[in-house]
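> Build me a structure from this.
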Amino acid sequence: MSLRGLWISGMLLPVLMGVGTTALFAEGEPVQTVSRVEVVLADQYRSQVAALKEEFAQAGMTNVHFQFAKRGQPPQNIGLGRDVPADKAREVIRLALKYNLGISILLPERLFPPRFVTIASSNYDDTVEYPISQEALAKLQAPDLTTEEFHRVYRELTSVPLEPKGRY
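Below you'll find the predicted structure:
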C-alpha cells in the first residue's frame, strides 16, 4: 500500500468507526450534550455522591466529577462552555443554587471547552470573575431563551472589562 493510501486509510478509519463524534443525531438534527461537569461541594455532601450523581444524570449530565472542600464553602460560581444547551445550563444554575447556596460569579465561556460545565471552581482568580446580580441570573433562567439567546446574554454578562482587585 502506498504512503498516500495509508494516510487516507488513517483519516477515514476514525470517521468510519465513529471516533471523535461529538453529537448524536435524531432525525438529522444534532443533539448537543454536556461533555463533562466538574463540581466542588461543601464537605457535608461527601456521603451523598450516589444521590448527587443520580440527580445530575436525571438533569441529563452523566459525566460528573465531584470534589469536596475540606473546610468552608466553595466559591459561588459557575462556568459554561459556549455550546452547552440552554436547558442544561438552566439545570446547572438550579443545581448550583441548590447545592452551593447561590451563584454570585460567572466565569466566561472562553475559558472552557465547548460543552464543559463547572460549578464552584476555585481554579480562577478575580481577573476572570464576573459578579452577577439576582436580576441578571433570573434573565439566564428564563425558560424561553434558546441556546443562542442564552449564550448571547451570558457573553454580555462576562465581557465587560473588569477593574483589577486585590494584588493585581
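> List the contacts of the nearest residue to Phe112 once chain neighbours are set aside.
Leaving aside its chain neighbours, Phe112 sits nearest to Gly81 (4.3 Å; criterion: C-beta to C-beta, 6 or more residues apart in numbering). Yep, even glycine has a C-beta here, placed from its N, CA and C like the rest. By C-beta atoms under 8 Å, 6 or more residues apart in numbering, the contact list for Gly81 reads Ser35, Glu109, Phe112, Pro113, Pro114, Arg115, Phe116, Val117.
> Now for this protein, the helix or strand with the poorest mean pLDDT.
When the helices and strands of the chain are scored by mean pLDDT, DSSP states H and E, strand 24-26 comes last with a mean of 43.
> List of residues touching stretch 139-157?
Stretch 139-157 is contacted from outside by 32, 80, 82-86, 89-90, 93-94, 106, 108-109, 130, 132, 136, using C-beta under 8 Å, 6+ apart.
> mind checking the SS state of Val117?
strand (DSSP: H, G, I helix; E, B strand; the rest coil).
> Now stretch 68-83: buried residues?
Ala69, Pro74, Pro75, Gln76, Asn77, Ile78, Gly79, Leu80, Gly81, Arg82, Asp83 (16 or more other C-beta atoms under 10 Å).
> let me redo that: stretch 99-109
Result for stretch 99-109 [16+ other C-beta under 10 Å]: buried residues Tyr99, Asn100, Ile103, Ser104, Ile105, Leu106, Leu107, Pro108, Glu109.
> How about the backbone phi and psi for the closest residue to the last one other than its chain neighbours?
The one in question is Glu109. Nearest non-adjacent residue to Glu109, counting by C-beta to C-beta, 6+ apart: Arg82, 4.6 Å away. Backbone torsions of Arg82, given as degrees, to the nearest 10, read phi -70, psi -20.
> Next one: Arg82 relative to Leu101, how far apart?
Using C-beta to C-beta, to the nearest Å, Arg82 is found at 27 Å from Leu101.
> Which residues does the residue most central in space within the chain form beta bridges with?
By C-alpha atoms, centre = their mean, the chain has its centre lying nearest to Val117, at 1.6 Å. Under DSSP bridges, the beta-bridge partners of Val117 are Val37, Leu80.
> quick one, what contacts it?
By C-beta under 8 Å, 6+ apart, the residues touching Val117 are 34, 36-38, 61, 78-81, 84, 88-89, 92.
> Sketch out the low-pLDDT regions of the protein for me.
1-32, 165-168 (pLDDT under 70).
> which residues of it fall in helices?
3-17, 49-58, 86-99, 134-140, 147-157 (DSSP state H).
> For Pro131, give me its contacts.
Counting by C-beta under 8 Å, 6+ apart, Pro131 has contacts Ser104, Ile105.
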